[in-house]
Structure formats: structure tokens, C-alpha cells
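**Q** Fold the following.
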Amino acid sequence: MIVLDKNYSITTDSTHGFNLLYTSDPVVKAVKGVAKEVISKDIWYYPKLSLALLKYFSLSAASESQQELIENVKRIEDCILSFSNTFSKQGKTFNI
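**A** Below is the predicted model of the structure:
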């Protein structure tokens, strides 16, 4: 598993290649009068790591100020560069 940040990670499988996983922070919601902790999850499937990282970039680059956008882009670029030599074969990741 490749951990991108506290909410996003990438796993591999032999069918799709790379899976981008999202897990939200827990939120307490009232369900039928009872407070319950709710976590939302999502998954995207990609044949190449670069495509999964591109989706991660598009999902996490949103910012409220120009400075925040610059910081987010720099953080994401550093993350992408650190995994540029990572590949998947038969459901396992490896580096070249």
C-alpha cells in the first residue's frame, strides 16, 4: 500500500493494476435519534500508477487561496516524484 495522505492511498491488485482509495475522516451523525460515527469510502481503478496519481492530484489540489494552491501542488508533485519508479505486477508493487 502507498499512503498519499491521511485520506488517500493506493493499493494494487492483479485485475485492475492500481486502486486509488479514499477514506473520509469520521463524522458523527444522528441516525434514527442515535449518534453514530460515519466514514465514507470511494475507490477508483487504473492500469497505471501515473493515472491514479493524476486523479489524486485533481481531487486534492482544490484550495481557497493562491498560496494554499501552490503549497498543495508542491506537496502533490513531491508525492508523485517519490513514486515515479513504482510499478505493479501480479497484484504487487515494486520499484525499479
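**Q** Could you use CA atoms for every contact and neighbour count after this?
**A** Fine.
**Q** Okay, now the unreliable bits of this structure?
**A** Scanning the chain for pLDDT under 70 picks out 83-96.
**Q** Could you pull out the helices in it for me?
**A** Here the chain has its helices, by DSSP state H, at 49-60, 66-82.
**Q** most neighbours per residue, which of these?
**A** Most buried of these, by mean neighbour count (mean count of other Cα atoms under 10 Å): helix 49-60, with a mean of 16.
**Q** For that helix, enumerate the helices and strands it packs against.
**A** Under the contact criterion of 3 or more Cα pairs under 8 Å, 6 or more residues apart in numbering; DSSP states H and E, helix 49-60 touches strand 17-23, strand 41-46, helix 66-82.
**Q** now those as CSV including distance to Ser58?
**A** Shown next, in CSV, are the helices and strands packed on helix 49-60 (distance: least, Cα to Cα, whole Å):
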stretch, distance to Ser58
strand 17-23, 12
strand 41-46, 13
helix 66-82, 10
